[in-house]
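> Any chance you could fold what I've pasted below:
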Amino acid sequence: MKLSNLIVVKNDKEVTREDIYLADGKFADKYKTDNIISFQDAVAYPSFINVHDHLIGNWLPLAGLNRPYPNSNIWVEDMKNSFSFKERDKYWTNDGSFNLLKGNGLEMAMLGVYKNIFSGITIVQDHIPKQDDRYYESFPIEVIRNYHQVHSITLNNWWGGNSLEKEFSLCNEHTPFIIHLAEGTDKISKSEFAKLKKMIPLRNNILLVHCVAFDRDDFQEIKRNDVNIAWCPESNFYLLDKTLDIYTVIDLQINVSIGTDSTMSGSINLFSELRFIKDRFPDISPRIIFRMVTSNPAKALKLKDYSGKIEKGQQANLLITSIKSNDPYENILGLYSSDIHLMLYQGKPILGLKKYLCHFNVIPEEYYFYTKNGKEYFVIGHPERILAHIEQCLGYKKKFAFLP
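Residues are numbered from 1 along each chain as shown. From the prediction side, this is the model:
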């Protein structure tokens, strides 16, 4: 397949005007083909990576009545008494096992996957206790399965899993170890980094989520040990009225990636998160932000077949959007789902304008078709059936702002 007439953002340094060739689900060398899609006023990016989400937490409205919280551990308990949590219980109730193959767990996670799909994401890290392989094989995009995790220092693995030390011991250098850390502004939050260092050595396979209570000395130690950070600013401001010192993180060239967190505390989706960052942190270069959703999370999550760049031989994970800014990097800071022309995961169409679907060997019944702003779109799977089932369980209409 040949995709032509595109501005192509290969990475954070290269922007060209050239054709893209796809073969066997990967970016390929130029070859002769009659299967050609010609675009108009469109720009191609490596599709985005969400470094931090909780798929089963993507319910609305936001939860938490006693903000700002001194630390997120208090919010975890407060959340359980919220309208959003109790309403979700009518559809999916956690029996304490966190086995998402039970009941409506998988369908609930699929709802969270759609939140990601509609904002240009083809790879997402779902921070929950490890699930059976059948869970990770159920989705149309990649939900990372190669990781070990702990919820946090203070709450340990309250939701299931082994102790922190055991989870870390199960990781090799190619397996991320993920933990919420220093998500707060109080003494408890500020003490967590020292506690972590007493329990495990700092290594480049560690992904620390939030780090709001860190000071410059902490960040310098992170840099020395090549540790990765997940930044979820909209969630941080909602819960804590503060986020990490992102300017110090950038100055020290720490590998930092953007995560959405779940919609119970975070942004509606990644596009919303990017607009939030543009408004709150206008001094951050769009190129740097672009890295935070492409090559940086690819490094942090130890991805083997996708570098977060458009490179020959890599997975054809591609996002083609409208051009809304003369700067293709700044362009990503003003996108909405209706700006997506075509999105591919391993060369397979996931979302886009309906007129392009005929170029792919797919089964139309496996897609949902809808109209937005006068244009016809397709998306893989059937989010409308999930919504109908939710409404059946609730007994009334329910709206999720991340669905079309």
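> Residue 173: neighbour count?
8 (other CB atoms under 10 Å). For the C-beta atoms, the positions are set from N, CA and C on the backbone; glycine is no exception.
> Kindly report the same for residue 279.
9.
> host element of it?
Using DSSP states H and E, residue 279 sits in helix 270-280.
> Pull the contacting residues for residue 151.
157, 158, 159, 161, 179, 180 (CB atoms under 8 Å, 6 or more residues apart in numbering).
> go again using 6 Å as the cut-off
By CB atoms under 6 Å, 6 or more residues apart in numbering, the contact list for residue 151 reads 157, 158, 159.
> Which positions in the host helix or strand of it come out as buried?
Using DSSP H and E, residue 151 falls within strand 148-152. Neighbour counts using 16 or more other CB atoms under 10 Å place 148, 149, 150, 151, 152 of strand 148-152 among the buried residues.
> and these as a markdown table, adding pLDDT and distance to residue 322?
As requested, the buried residues of strand 148-152 are exported to a markdown table (pLDDT from 0 to 100; distance: CB to CB, whole Å):
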| residue | pLDDT | distance to residue 322 |
| --- | --- | --- |
| 148 | 97 | 39 |
| 149 | 97 | 37 |
| 150 | 95 | 41 |
| 151 | 95 | 39 |
| 152 | 96 | 40 |
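> can you list those in JSON lines and add distance to residue 127?
Formatted as JSON lines, these follow (distance: CB to CB, whole Å):
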{"residue": "148", "distance to residue 127": "11"}
{"residue": "149", "distance to residue 127": "6"}
{"residue": "150", "distance to residue 127": "10"}
{"residue": "151", "distance to residue 127": "8"}
{"residue": "152", "distance to residue 127": "11"}
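> what does the helix or strand encompassing residue 236 contact?
Per DSSP H and E: residue 236 is located in helix 233-240. With contact meaning CB under 6 Å, 6+ apart, helix 233-240 is reached by 68-69, 72, 75, 185, 212, 243, 261, 265-267, 273, 276.
> what mean pLDDT does that helix have?
Average pLDDT, helix 233-240: 98.
> list the contacts for residue 276?
Counted by CB under 6 Å, 6+ apart, residue 276 has contacts residue 234.
> and what of residue 319?
Counting by CB under 6 Å, 6+ apart, residue 319 touches 45, 47, 120, 343.
> quick one on the thing from earlier: now the helix or strand just after the helix holding residue 236: buried residues?
Going down the chain from helix 233-240, the next helix or strand is helix 246-251, by DSSP H and E. Under the neighbour-count criterion of 16+ other CB under 10 Å, helix 246-251 has 246, 248, 249, 250 buried.
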